[in-house]
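A.B. asks: this one's sequence-less:
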């Protein structure tokens, strides 16, 4: 098989020049390029030989299993995970499970006998018991550790508290919390629980509205929000446990002629791009997505090297003030 | 090495039952589970052996190179690609290039000597000439075919025409088009070009505002939009060549006290989730993202089977009327 040296000789050019042409780096004249291309044809050189040199390191992949790719939290998370993985020489493989535990389980089993270095699971659908089955480095995000699988979470309790204190400080006394899927005993449930606790402690009234799995999968919370507004005409403050829900609260308030922040103050959760793209922009609890991604990839790497890792990592959140409260 | 049969014998259960436990499928009593787990420990059985059976087919991967993962168009596209790939037994590997041609080029070279079945490139950064170098099935989305790389596009010309005709029908006479990155001679430029042609033909005035690569990478078009509004106080209609730009037009109009659709009518492009999450919701040109994803994965598969594929596929767009125009 012809090598890059053979190609350089045939093209009558330096190996470095040929490498630049193949790699498309720096300025190369059209004439030089053509010399290389015709030499390639003459000697039947395929750049594979060259590429092999580049990729001595085997391609290490980390699998990311999410219930949704388009949900703004997961889109941002995948973007960050790709960045952190790339820094450490890993590729990211994504799998959209639509919250189907059997699919997730099959997928994890498949990874075991493949080239996957580890997996990140953003789901509570597979039971903790079943997680014991999988013999690959496994990081759970926003659920409690199980078996050998370790956990990374944001400080959901602090997030609920920040939201409550902010709305109370702004004068809200009749509050609503609209949350997504509060059934699976997940760390994220603490956002709502702590919010309710702090509001009640301060003497404010607070009502809970929780979405079911149908809304979580369709990403459409309008009916639930509409009902919450109808049942609580005195409401002056809303905590939505994701910015996606908060954006839909803005829409439903708009339809009912309720002004944000004048009539109702609104705090979201996540701090994804969407929070800056609505009118008004959304005051929200910032999730440390970059730090979660960093910790997740680092943990997979350490597990592969058989190093000790913390069983649970909880990362801090902050409140970002924008226009909605 | 112990097999699933050995495990079933040790646990005194049927192979099917053990398989269901390992695969976490159907109802299994806690007692049965525990039997399997203790048998596993006793004989040192690792589910890998079982998993190997499941994954007789090798793991085929398709790489997707995008300039941004969080851009709503790419988030939706990745989601659809994962779905279509999954149907055909492929995994999706994602690579965020931030529009860096050298990175994209390195990445494509690396794929050649790996297990990647093909790549989808959503970028015009690598030159057509350089694309000739790569010896893997390659599909270009929203750029013209080059070398062996085939192209899939939406009907950008029809999209520009739909937007122009809709705004003119609604009575707009002083129009602006705000587009992202119109420098690289891309099919997407036709959205703007055809819009301008149709508006001019109908006797309406139309001004162009094009973003640079800085805005394209930061996803922040506010300054450009603010300038466009300041320079055109009579503007009564805006065509934004993405919904992301349209959402920011809504924000800038809000800041200036301009009402949409009363004062200014607005049409976007893409029909991503965001278009339904703003207030008002965005009237937009629907991109056939599902169909593009389907065609892209099908094309990679055909190229792998060395079947003939069209050099260029153009898929139709439609106008979706919402509240902004």
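C.D. replies: All right, it came through fine. Quick caveat: nothing in here was measured; it's all calculated off a predicted structure. Numbering: from 1, shown residues only, chains lettered A, B, ... in the order given.
A.B. asks: residues touching the nearest residue to residue A:272 once chain neighbours are set aside, list them.
C.D. replies: Using C-beta to C-beta, 6 or more residues apart in numbering or on different chains and skipping residues adjacent in sequence, the residue nearest residue A:272 is residue A:72, 3.9 Å away. In this view, the C-beta of every residue, glycine as well, is placed from N, C-alpha and C. By C-beta atoms under 8 Å, 6 or more residues apart in numbering or on different chains, residue A:72 lies in contact with A:243, A:244, A:270, A:272, A:273, A:274, B:75.
A.B. asks: swap the cut-off to 6 Å and go again
C.D. replies: Neighbour list for residue A:72: A:244, A:272, A:274 [criterion: C-beta atoms under 6 Å, 6 or more residues apart in numbering or on different chains].
A.B. asks: repeat for residue A:68
C.D. replies: residue A:74.
A.B. asks: how about it, secondary structure?
C.D. replies: coil (DSSP: H, G, I helix; E, B strand; the rest coil).
A.B. asks: sorry, back to before: what is the nearest of the contacts of residue A:72 to chain B?
C.D. replies: residue A:274 (6.7 Å; C-beta to the nearest C-beta).
A.B. asks: how much space between the closest one and residue B:302?
C.D. replies: As judged by C-beta to C-beta, to the nearest Å, residue A:274 and residue B:302 stand 37 Å apart.
A.B. asks: pLDDT below threshold where in the stretch 151-300 of chain A?
C.D. replies: Applying pLDDT under 70 to the stretch 151-300 of chain A picks out residues A:182-184.
A.B. asks: how about low-confidence regions in the stretch 1-150 of chain A?
C.D. replies: A:1-2, A:23-26, A:44, A:46-59, A:113.
A.B. asks: the residue most central in space within chain A: helix or strand, and which one exactly?
C.D. replies: With distances taken as C-alpha atoms, centre = their mean, the residue of chain A nearest its centroid is residue A:77 (2.1 Å). Taking DSSP states H and E as the definition, one finds residue A:77 inside helix A:72-87.
A.B. asks: chain center to that helix: distance?
C.D. replies: 6 Å (C-alpha atoms, centre = their mean, to the nearest Å).
A.B. asks: helices of the stretch 151-300 of chain A, residue ranges please.
C.D. replies: Under the criterion DSSP state H, counting those that start in this stretch, the stretch 151-300 of chain A contains helices at A:156-169, A:189-201, A:213-218, A:222-231, A:243-255, A:289-304.
A.B. asks: of those helices, which approaches chain B most closely?
C.D. replies: Across these, chain B has its closest neighbour in helix A:243-255 (4.5 Å, C-beta to the nearest C-beta).
A.B. asks: quick check: angle from that closest one to helix A:222-231?
C.D. replies: Helix A:243-255 runs at 50 degrees relative to helix A:222-231, counting by axes from the mean of the first three to the mean of the last three C-alpha atoms, to 10 degrees.
A.B. asks: give the other helices and strands that helix A:243-255 contacts.
C.D. replies: When contacts are defined as 3 or more C-beta pairs under 6 Å, 6 or more residues apart in numbering or on different chains; DSSP states H and E, helix A:243-255 sits against helix A:222-231, strand A:237-240, strand A:265-270.
A.B. asks: could I get those as TSV with distance to residue B:98?
C.D. replies: Formatted as TSV, the helices and strands packed on helix A:243-255 follow (distance: least, C-beta to C-beta, whole Å):
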stretch	distance to residue B:98
helix A:222-231	35
strand A:237-240	31
strand A:265-270	23
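A.B. asks: for residue A:195, which of the ones you listed is the nearest?
C.D. replies: strand A:237-240 (5.2 Å; C-beta to C-beta).
A.B. asks: now the nearest residue to residue A:100 once chain neighbours are set aside, what's its secondary structure?
C.D. replies: Nearest non-adjacent residue to residue A:100, counting by C-beta to C-beta, 6+ apart: residue A:125, 6.9 Å away. State at residue A:125, reduced to three classes by three-state DSSP: coil.
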